[in-house]
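In: Predicted structure and sequence below. I'll ask about it afterward.
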Amino acid sequence: MTQQATHSARAHITLPEPTQYARVMGIGAYRPDRVVTNDEICEHIDSTDEWIRQRSGIATRRFAAPEQTVIDLSEPAALDAMAMAGVGPDQIDVVLLATVTHPYQTPAAAPMLADRLGIPAPAAFDLSAACAGYCYGIGLANDMVRSGSARHILVVGVEKLSDFTDPRDRGSAFIFGDGAGAAVVGPSDFPGIGPTTWGSDGKDWDKIAQREPWTDLREAMESPGRADGIHWPSIGMQGQAVFRWAVYSMAPVARKTLEASGVTPEQLSAFVPHQANLRITDSMVKELNLPAHVQVARDIVDTGNTSAASVPLAMSRMLSEDPSLSGGLALQLGFGAGLAYAAQVVVLP
């Protein structure tokens with residue numbers, strides 16, 4: 001028997017039937033009850049409410065209760081997204097949870113959330129891409145549905161940044177907040193999610209980073225005489241460098257995303273950038289020359305920077321305040337530590 005004949009006699013791999021399109025079917029959000037004002041933040045840093053508002057646009061942010069976990073925050077957001085999508089727990093094939101504040105290396109938070117929600121035996125994993133995490137998740141979910149490897153994916157962006165913020169760091173203490181946003185991505189008979197533009201700039205990883213690795217904490221605890229000097233690893237940021245990168249590097253990413261989707265700025269209903277800084281958002285709007293009718297998410301004013309939760313929280317609020325946006329096109333863009341970024345044009349659920 002020839003090699004060709006032998007090859008043809010072998011069994012062939014059967015692939016799942018691909019789906020042509022995917023869309024965001026539902027979205028949900030959860031904000032913790034505790035509202036933290038700038039005046040409260042200024043009890044620990046040399047600053048003022050006026051300075052914080054001028055520099056970041058932030059008036060208040062939400063902090064979770066000490067006993068709340070990222071799983072506790074994710075659950076109500078996920079339930080809202082599933083209810084809006086009309087999808088039950090037994091229909092979810094994958095749980096993808098984007099976070100950098102789950103305080104365990106293992107197990108991941110996603111399987112624990114799936115169990116809490118009663119989702120039977122899904123693929124479940126965490127994604128660490130910081131502020132770009134949710135948009136990375138939507139890109140992955142879109143590809144999973146279109147390839148046929150999954151039908152319904154629950155994508156969650158959640159952070160409890162209050163656990164990793166140094167309240168005495170004047171450069172970052174006022175920025176971060178807690179919250180969760182979620183979306184259900186599933187099959188569609190029309191293009192509901194455009195191509196993802198994503199990437200990273202790893203040479204500038206130190207611009208936003210956890211200051212010390214966990215191994216330093218262990219070493220300090222085990223070394224005699226060093227325990228009194230232990231500092232909990234917190235997240236630090238070089239504000240001016242990040243500002244310049246976001247303003248001048250992310251506008252081209254946004255334009256590339258629109259072009260890849262065949263969408264013009266005039267056709268957008270909404271722009272939902274990562275809620276990093278109100279000045280960054282306003283600068284990007286000018287760089288993109290967005291028409292006046294395009295609604296721009298400014299959720300940061302009373303939610304703060306919630307990293308992976310930022311985009312879905314902002315989008316959920318926009319839809320809640322103006323349901324007429326449903327069915328319109330939104331450009332969503334996440335960017336942050338890594339320095340990582342991802343963007344898509346999506347049809348609003």
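Out: The structure has been received and is ready for your questions.
In: drop to CA atoms for contacts and neighbour counts, all remaining ones
Out: OK.
In: got the contact list for the residue nearest the centre of the chain?
Out: For the chain, Ala308 is the residue whose C-alpha lies nearest the centre (C-alpha atoms, centre = their mean; 2.6 Å). With contact set as C-alpha atoms under 8 Å, 6 or more residues apart in numbering, Ala308 has these partners: 98-100, 129-134, 157-159.
In: can you check Ala246 too?
Out: 280, 335 are the contacts of Ala246 under C-alpha under 8 Å, 6+ apart.
In: quick one, strands of the chain?
Out: 21-30, 34-37, 60-63, 94-98, 123-127, 153-160, 178-188, 197-200, 208-210, 235-237, 270-273, 295-296, 329-336, 340-347 (DSSP state E).
In: any chance of these in a markdown table, plus mean neighbour count and mean pLDDT?
Out: Below are those laid out as a markdown table (neighbours: other C-alpha atoms under 10 Å; pLDDT from 0 to 100):
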| stretch | mean neighbour count | mean pLDDT |
| --- | --- | --- |
| strand 21-30 | 25 | 98 |
| strand 34-37 | 16 | 98 |
| strand 60-63 | 24 | 98 |
| strand 94-98 | 29 | 98 |
| strand 123-127 | 19 | 98 |
| strand 153-160 | 33 | 98 |
| strand 178-188 | 29 | 98 |
| strand 197-200 | 18 | 94 |
| strand 208-210 | 19 | 65 |
| strand 235-237 | 19 | 68 |
| strand 270-273 | 25 | 98 |
| strand 295-296 | 19 | 98 |
| strand 329-336 | 26 | 95 |
| strand 340-347 | 26 | 96 |
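In: could these be laid out in TSV, adding distance to Met315?
Out: Compiled in TSV, the strands of the chain are given as follows (distance: least, C-alpha to C-alpha, whole Å):
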stretch	distance to Met315
strand 21-30	8
strand 34-37	20
strand 60-63	17
strand 94-98	16
strand 123-127	20
strand 153-160	12
strand 178-188	9
strand 197-200	19
strand 208-210	24
strand 235-237	25
strand 270-273	7
strand 295-296	10
strand 329-336	9
strand 340-347	11
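In: Next one, pLDDT for the residue nearest to the centre of the chain please.
Out: As predicted, Ala308 sits at a pLDDT of 97.
In: that older thread, minimum distance to Ala11: which of the strands of the chain has it?
Out: strand 123-127 (26.7 Å; C-alpha to C-alpha).
In: Please name the residues that touch Cys131.
Out: 274, 306-310, 334-337, 340-341.
In: Can you tell me which of those comes closest to Gly181?
Out: Ala309 (5.2 Å).
In: The closest one contacts Tyr134, correct?
Out: Yes - because the distance of 6.9 Å satisfies C-alpha atoms under 8 Å, Ala309 is recorded as touching Tyr134.
In: Now do the shared contacts for those two.
Out: In contact with both Ala309 and Tyr134: 156-157, using C-alpha under 8 Å, 6+ apart.
In: Return stretch 61-74 as PDB; C-alpha atoms alone will do.
Out: Only the C-alpha atoms of stretch 61-74 are listed here, as PDB (Å, rounded to 0.1, in the frame of the first residue of the first chain):
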ATOM      1  CA  ARG A  61     -15.900  55.800  43.100                       C
ATOM      2  CA  ARG A  62     -17.400  52.600  44.600                       C
ATOM      3  CA  PHE A  63     -15.500  50.300  47.100                       C
ATOM      4  CA  ALA A  64     -16.700  46.700  47.800                       C
ATOM      5  CA  ALA A  65     -17.200  45.500  51.300                       C
ATOM      6  CA  PRO A  66     -14.100  43.900  52.900                       C
ATOM      7  CA  GLU A  67     -15.700  40.400  52.800                       C
ATOM      8  CA  GLN A  68     -16.800  40.700  49.100                       C
ATOM      9  CA  THR A  69     -14.800  38.800  46.500                       C
ATOM     10  CA  VAL A  70     -14.500  39.200  42.800                       C
ATOM     11  CA  ILE A  71     -16.900  36.300  42.500                       C
ATOM     12  CA  ASP A  72     -19.500  38.100  44.700                       C
ATOM     13  CA  LEU A  73     -19.200  41.100  42.500                       C
ATOM     14  CA  SER A  74     -19.400  39.100  39.300                       C
END
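In: Could you give me the buried positions within it?
Out: 61-64, 69-74 (16 or more other C-alpha atoms under 10 Å).
In: Could you do stretch 13-23 as well?
Out: Under 16+ other C-alpha under 10 Å, the buried positions of stretch 13-23 are 18-19, 21-23.
In: In a markdown table, list these along with distance to Cys42.
Out: Listed next are the buried residues of stretch 13-23 as a markdown table, based on distance: C-alpha to C-alpha, whole Å:
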| residue | distance to Cys42 |
| --- | --- |
| Pro18 | 54 |
| Thr19 | 52 |
| Tyr21 | 49 |
| Ala22 | 45 |
| Arg23 | 43 |
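In: Name the nearest of those relative to Asn38.
Out: Arg23 (38.1 Å).
In: quick one: contacts for that closest one?
Out: 142, 185-188, 190-193, 346-347.
In: go on, Ile52?
Out: Ile52 neighbours (C-alpha under 8 Å, 6+ apart): 38, 58-59, 174.
In: And for Ala59, the neighbour number?
Out: When neighbours are counted by other C-alpha atoms under 10 Å, Ala59 registers 20.
In: ok, now how distant is it from Ala29?
Out: 20 Å (C-alpha to C-alpha, to the nearest Å).
In: Likewise for Val184?
Out: Going from Val184 to Ala29 by C-alpha to C-alpha gives 12 Å.
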